[in-house]
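Visitor: This is a predicted model, with the sequence first.
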Amino acid sequence: MALQLLEIGTTTDQLSACRLSLLLGVFTSNNRVEGFLKFARGILQADCGILCFHDEPYIWHSSAEGFKVYQAKTEANLASFFAGDTILCSQHQNYSAFSQHIHDLGVEHRRIVGFDLKINKKQSIGQVILFDDQLDPFKGNNLELVHEFAMSLISIIELRSDYAELKELYEQQLALNFSKTKFFQIIAHDLRAPFHGLIGFSEVLAQERDTLNDANIQEIADYLLDTSQSTYSLLESLLNWAMAEGGRFVYHPINFNLKQSSTIVYSVLNSLAIKKDIQLIDQVPEDLKVHADINMVTSVLQNLVSNALKFTHMDGTGKVTMYAEKSADFVDIYIQDTGLGMTQAQIDELFQPRLTISFKGTAGEKGTGLGLVLCQRFVDLNQGKISVQSKEGVGTIFKVSLPIADNDYQALSLDRMKQAITE
């Protein structure tokens, strides 16, 4: 069984999976993998060297013929032969078994030495193997020198890994800052439009009252009421979103019957459902208890049910149903409607804080898109999960998973206690 030689560019399509190798600049002008193997071969006077990292699809081979790449073998499992040591040479108890294993993998040799690469002297990340057909054993002093250089290679990996993570965090922060700036620009634009209407029609009422009949006045009054309510709703959502993002919400988890929240939501929104000729159904069991902030949970359910009513058909066949069930350590709550449904593109954008995402409901209602962002934020604060399934023209199901109440007097965790004290 021989190693499979690969050609760079055509058969190394999994190169992106070689994270550590890429951190060492493999196939760049600053290839630390090739440089290290050349150095190690020179110190030990070995003809060939191999470096491999765990869970990477390729191994790197250095010899007088150049730097090459081979397909890694899943059955290699070299770390187990080291038995906790970092050097495996001819004096090691597992040397014969290790040498035979390397032979079985297709690497012919007469002498061989292995170095286990460990982070923090504990976690093995890969191995370096040097070998050839000579009979003289490798010199001990030279082995130590290569071992020290291998440790410096690990330091380079750690530094570059930290740098890559910091760079990624920096880029994410830049993107977040840009997103927030754009978000507030959209907020300013969306607030300006309704205020233009409010000011304009208020001016008509104030200055041209005598020219208006009762029908005109009623139309203006209806417009002012609808615009004021929608603008207030937008401002309230913005305030809640800003408070959630700034950490100003006080999180007070308690054990409570989920039915308490669903009953409140039903009583508040059932009149709207009747007005739209939609059947609102509460099937949440009486005995399901969750450990969460009751105000946040009620807000989440109210928002989801309100959205479901907004996008459900008004022809008398529409239904919006709340139900829940236990699953492992969570209580899964479902808000199901028989409404318009969504495309995958719309689903992908649902939880993004962008005011431009606003779909009209079945009665022409407008939304800002902030409600679902708040729902996700509240669910996250309660150590839960929120997801959605939808099919265009069929309907939508939102699923909210909240921690189940383990006992009647569930104590706050240490982290939650610290959070409550600091708040």
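Guide: Cool, the structure landed. None of the values given here were measured: they were computed from a predicted structure.

Visitor: Run through the strands of the stretch 301-423 of the chain in chain order.
Guide: Counting by DSSP state E, counting those that start in this stretch, the segments of the stretch 301-423 of the chain that form strands are 319-327, 330-337, 385-391, 395-403.

Visitor: I meant to write the stretch 151-300 of the chain there.
Guide: Per DSSP E, counting those that start in this stretch, the stretch 151-300 of the chain carries strands over the ranges 254-257, 279-283, 289-292.

Visitor: Quick one, which of these gets closest to residue 134.
Guide: Each of these was checked against residue 134 via CB to CB, and the shortest separation belongs to strand 289-292, namely 67.6 Å. All C-beta spots, glycine's among them, are computed from the backbone N, C-alpha and C.

Visitor: Between the strands of the stretch 151-300 of the chain, which one is closest to residue 162.
Guide: strand 289-292 (36.5 Å).

Visitor: hmm, who's touching the closest one?
Guide: Around strand 289-292, the neighbours that count as contacts under CB atoms under 8 Å, 6 or more residues apart in numbering are 253-258, 297, 331, 382, 384, 402-406, 410.

Visitor: and if we set it to 6 Å?
Guide: Counting by CB atoms under 6 Å, 6 or more residues apart in numbering, strand 289-292 makes contact with 253, 255, 257, 258, 331, 382, 402, 403, 405, 410, all of which sit outside it.

Visitor: now that strand: how far from the chain's centre is it?
Guide: Here the centre of strand 289-292 is set off from its chain's centre by 24 Å, with CA atoms, centre = their mean, to the nearest Å.

Visitor: and that strand, which residues are buried?
Guide: The neighbour-count check on strand 289-292 (16 or more other CB atoms under 10 Å) flags 289, 290, 291, 292 as buried.

Visitor: what's across from the last one in the sheet?
Guide: Using DSSP bridges, the beta-bridge partners of residue 292 come out as residue 254.

Visitor: Show me what the lengthiest helix in the chain is packed against.
Guide: Secondary structure of the chain read by DSSP state H shows that its longest helix is helix 140-207. With contacts defined as 3 or more CB pairs under 6 Å, 6 or more residues apart in numbering; DSSP states H and E, the secondary structure elements packing on helix 140-207 are helix 19-23, helix 32-44, strand 111-119, helix 214-245.

Visitor: quick one: it to chain centroid distance?
Guide: Distance of helix 140-207 from its chain centroid, counting by CA atoms, centre = their mean, is 14 Å.

Visitor: correct me, but residue 41 touches residue 47?
Guide: No - between residue 41 and residue 47 no contact is recorded; they are 7.2 Å apart, counting by CB atoms under 6 Å.
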